[in-house]
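Asker: Sequence plus predicted model, see below.
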Amino acid sequence: MQNFAPAILTHVYAVSLTLGTMCLTSYLFGSGAGTVLGGFFAGRQRRSDRIVAISLCLAASVSIILASGALPTDALLPALFLLGCGAGTAGPSRDLLVRQAATLRFGATSFGRVYGFVYSGLDSGLAVAPLVAGRLLDHGWFRLGLLCIAVLQVSAILVALRVGRRAEVFTS
């Protein structure tokens with residue numbers, strides 16, 4: 001979203017580049033607000049996997065709705081804010097889930113290595129995703145770019161729930 005939201009929205013919704021860029025800003029504000037909100041949720045909930053799943057389910061749903069091209073133009077700014085909020089809210093709980101799973105599986109001293117592995121994977125994904133998404137957009141498949149975001153978010157939901165179940169087994 002951070003790289004291609006204006007281009008996608010100008011093609012799928014025929015909005016101006018200015019509005020497309022405003023939507024990106026709305027997404028980024030939503031992500032920041034979601035991260036703050038997610039920090040409160042993460043501190044109060046024991047089941048981080050559920051927070052990740054619910055948050056990313058919201059984000060994936062908004063991505064699918066955006067991909068449909070059916071939203072009225074007036075709804076784009078709030079929709080992108082919700083998309084960012086869903087993705088941002090998942091972050092703190094994802095971090096706690098990684099820490100919990102790492103310490104249960106590999107011991108209390110190993111979570112630094114696991115964080116390194118996880119975040120190098122995130123950075124690699126952030127480096128490769130624009131190459132893939134750029135190819136889709138070069139071929140004019142703008143809606144498919146939004147659907148790919150939803151697919152990746154659903155994949156993250158499944159992984160989080162699986163990790164959460166495994167962590168629950170280890171603590172039982």
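Answerer: All right, it came through fine.
Asker: Any buried residues in the helix or strand where residue 134 lies, and which?
Answerer: Here residue 134, judged by DSSP states H and E, is contained in helix 111-138. Of the residues in helix 111-138, those with enough neighbours to count as buried (16 or more other C-beta atoms under 10 Å) are 111, 114, 118, 129, 133, 136-137. In short, each C-beta sits where N, CA and C put it, glycine included.
Asker: what's the lowest-pLDDT member of those residues?
Answerer: On pLDDT alone, residue 111 ranks lowest of those, at 66.
Asker: hang on, the earlier thing: please render the buried residues of helix 111-138 as JSON lines that adds distance to residue 103 to the earlier fields.
Answerer: Converted to JSON lines, the buried residues of helix 111-138 look like this (distance: C-beta to C-beta, whole Å):
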{"residue": "111", "distance to residue 103": "5"}
{"residue": "114", "distance to residue 103": "9"}
{"residue": "118", "distance to residue 103": "13"}
{"residue": "129", "distance to residue 103": "29"}
{"residue": "133", "distance to residue 103": "35"}
{"residue": "136", "distance to residue 103": "39"}
{"residue": "137", "distance to residue 103": "41"}
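Asker: In terms of distance to residue 144, which of the residues you listed ranks first?
Answerer: When the buried residues of helix 111-138 are ranked by distance to residue 144 (C-beta to C-beta), residue 136 comes first, at 5.3 Å.
Asker: Please verify my assumption that that closest one contacts residue 147.
Answerer: No. Proximity of residue 136 to residue 147 does not meet the contact threshold set by C-beta atoms under 8 Å, at 9.5 Å.
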